[in-house]
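**Q** coordinates for the following, if possible.
(2 chains)
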Amino acid sequence: MSSSAHTALPVRRRLYRGVRGLVVVTLTGVVVAGFLGTIPQLDILEQSARNLYFHVPMWFSLMAATVVSAYHSARYLRSGARVRDLRAREAARIALIFGGLGIVTGMVWARFTWYEGTGVWWNFDPKQSMAAVLLLIYGGYFVLRDAIDAPKDRGRIAAVYNLFAVVTMPFLLYILPRQMPSLHPGGEGSPAFSQTDLAPAMRWVFYPSVLAFLGLAWLLYTQRVRLAWLREAVRAPDGAPEPEPAPHR
Amino acid sequence: MDWLAGAWAIFRKDLRIELRSRYAANTLLLFALGALLLIAFAIGPQPVSARVRAALLWIVLLFAASIGLGRSFVAEYEGKTALLLRLHTRASMVFAGKLLFNLGLVGLLTVVATGVFLLLLGSSVGSPGLFVGTLALGAVGLTGVTTLLSALVARASGGGPLLPVLLLPLLVPLLVSGVGATRKALIGQRWMAAQDELLTLVGFAGATLSAAVLLFDYVWDE
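**A** Below you'll find the model as predicted:
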């Protein structure tokens, strides 16, 4: 990925096509196996355990997009290359999308397990609330971008906000939820998943599902970056934006 | 220029300008007083639980800071003095000076708002030491985050209302642990009982201050 700034497009086409094929096949398989496969019958969870194949990979994709966005923000501060800013922005957009999907799938899951019979959709479970705050932070990131006119300033200021927000995220996602009572797995110092939690039959769907959703996030991300790059190229008077200069620090 | 002398000079400059107009301090205090009076009217004479009282106090502090602390960097750009500062001082001196000044403002805000709050809602503090400690730690974290973000927002054209939008989600960890520790202080629990919250406050202040010092160079230098 790092050498791609020197080619005409910031995305390698052959890699993209390969991943696209794999993701289409795997995701189809995951959807079919996720809804039709057999799962262990447990009280309360019952059929809703199938949501594991969709809810959890959403969060993995969100985390991956967050890390990618922060990484490219840091690289942008070092080099000032436009493509880094575009990558950071599009990764943040992907984080918003997958975070939103993660919250929706989580809400549905909680409604029919934890809050079954109460009709409550949202009851301030710490993980839920903190995830909502994370989305607010990324919303603020885009508002800040829109408030700055000069592209160079915009990229730098937004990158600083992004990195600063990343510093507070461990508090939101790992420290505070462990201090509060929660029904969500992963409280009280235990990891969200241990080796014994997951039935072997479900692993055959869950692990490919994680990879497939990460691949899907990557596909969306690279396509957004490509689109943003082409837009810049059309707007700039002398063709494509300049390639990455040598770091000056 | 010597680093300490530079930072101290920035602090003294800000303090002197502030003492001439008293704009920032008066806005901050009047906002906090207004909000507290509104809360007192809205709640009425019935006693409220310690949790609600702690939450209200922290909400007032956070909103007052997010509204009142945005001025200092905006004033440098509006008065065209930013370039002069950039020529004569390093970025970290500016940040340290502004941070110190903002810490003074937040300290004043915290003392006055808490005093009025205790007076209006007539609540006694069970363990004053824990109460003061929580507020002090919270004030440090609040100042660090607000100072860096106000420098960011000063570069944006929108200005004013942007700061709360960016600031409040980042301050959620501070709010949650601050409210938790304050509630325990109000009902008179010991230091040890609030250890998780206090450690989170210390960690939050440390992490955000370090990140702010590192990142401020990129905001300030062109």
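**Q** alpha carbons only for contacts and neighbour counts from here, please
**A** Noted.
**Q** just the element for residue B:147, please.
**A** helix B:128-154 (DSSP states H and E).
**Q** equivalent analysis for residue A:14, please.
**A** Secondary structure from DSSP H and E places residue A:14 in helix A:13-36.
**Q** what does chain A put close to chain B?
**A** Selection of chain A residues close to chain B by CA under 8 Å from any CA of the partner chain yields A:77, A:133-134, A:136-137, A:140-141, A:144, A:147-149, A:153, A:156-157, A:160-161, A:164-165, A:167-168, A:171-172, A:175-176, A:179.
**Q** hang on, the earlier thing: can you name the next helix or strand after the helix holding residue A:14?
**A** Past helix A:13-36, the next helix or strand by DSSP H and E is helix A:52-79.
**Q** what is the mean pLDDT for that following helix?
**A** Mean per-residue pLDDT for helix A:52-79: 91.
**Q** same check on stretch A:130-140?
**A** Rounded mean pLDDT across stretch A:130-140 is 90.
**Q** can you tell me what sits against it?
**A** Stretch A:130-140 is touched from outside by A:92-93, A:96, A:99-100, A:103, A:165, A:169, A:172-173, A:177, B:165-166, B:169-170, B:172, with contacts defined as CA atoms under 8 Å, 6 or more residues apart in numbering or on different chains.
**Q** longest helix in chain B, please.
**A** If you go by DSSP state H, chain B has its longest helix at helix B:91-120.
**Q** which residue does chain B bring closest to chain A?
**A** Proximity of chain B to chain A (CA to the nearest CA) peaks at residue B:156, 4.7 Å away.
**Q** that residue in helix, strand or coil?
**A** Under DSSP: H, G, I helix; E, B strand; the rest coil, residue B:156 falls in the coil class.
**Q** give me the helices and strands touching the helix-or-strand element of chain B with minimal mean pLDDT, please.
**A** Lowest by mean pLDDT, DSSP states H and E among the helices and strands of chain B is helix B:71-78, with a mean of 83. Where contact means 3 or more CA pairs under 8 Å, 6 or more residues apart in numbering or on different chains; DSSP states H and E, helix B:71-78 is packed against helix B:128-154.
**Q** and the helix it packs on, what's buried?
**A** B:130-154 (16 or more other CA atoms under 10 Å in any protein chain shown).
**Q** and if you look at stretch A:17-36?
**A** Buried, per 16+ other CA under 10 Å, within stretch A:17-36: A:19-20, A:23, A:26-27, A:30-31, A:33-34.
**Q** mean confidence for that stretch?
**A** Computed over stretch A:17-36, the average pLDDT equals 88.
**Q** CA atoms of that stretch as PDB?
**A** Output of stretch A:17-36 as PDB, limited to C-alpha atoms (Å, rounded to 0.1, in the frame of the first residue of the first chain):
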ATOM      1  CA  ARG A  17     -10.100  -7.800  -8.200                       C
ATOM      2  CA  GLY A  18      -8.700 -10.800  -6.300                       C
ATOM      3  CA  VAL A  19     -10.100  -9.500  -2.900                       C
ATOM      4  CA  ARG A  20     -13.400  -8.700  -4.500                       C
ATOM      5  CA  GLY A  21     -13.900 -12.200  -5.900                       C
ATOM      6  CA  LEU A  22     -13.000 -13.700  -2.500                       C
ATOM      7  CA  VAL A  23     -15.300 -11.400  -0.600                       C
ATOM      8  CA  VAL A  24     -18.200 -12.100  -2.900                       C
ATOM      9  CA  VAL A  25     -17.800 -15.800  -2.600                       C
ATOM     10  CA  THR A  26     -17.200 -15.800   1.200                       C
ATOM     11  CA  LEU A  27     -19.900 -13.300   2.100                       C
ATOM     12  CA  THR A  28     -22.500 -15.300   0.100                       C
ATOM     13  CA  GLY A  29     -21.300 -18.400   1.900                       C
ATOM     14  CA  VAL A  30     -21.500 -16.700   5.300                       C
ATOM     15  CA  VAL A  31     -25.000 -15.400   4.700                       C
ATOM     16  CA  VAL A  32     -26.300 -18.800   3.500                       C
ATOM     17  CA  ALA A  33     -24.500 -20.700   6.300                       C
ATOM     18  CA  GLY A  34     -25.300 -18.000   8.800                       C
ATOM     19  CA  PHE A  35     -29.100 -18.300   8.300                       C
ATOM     20  CA  LEU A  36     -29.400 -22.000   7.400                       C
END
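**Q** contacts for it next, please.
**A** With CA under 8 Å, 6+ apart, stretch A:17-36 has contacts from A:50, A:53, A:205, A:208-209, A:212-213, A:215-216, A:219.
**Q** any weak-confidence spans in the chain?
**A** By default, I'm working from chain A. Scanning chain A for pLDDT under 70 picks out A:1-11, A:43-45, A:182-183, A:186-198, A:237-249.
**Q** wrong chain, I was asking about chain B
**A** In the predicted model, chain B carries pLDDT under 70 at residues B:1, B:158-160.
**Q** so the residue of it positioned farthest from its centre: helix, strand or coil?
**A** Computed with CA atoms, centre = their mean, the residue of chain B farthest from its C-alpha average is residue B:46, at 29.8 Å. Of the three states, residue B:46 takes coil according to three-state DSSP.
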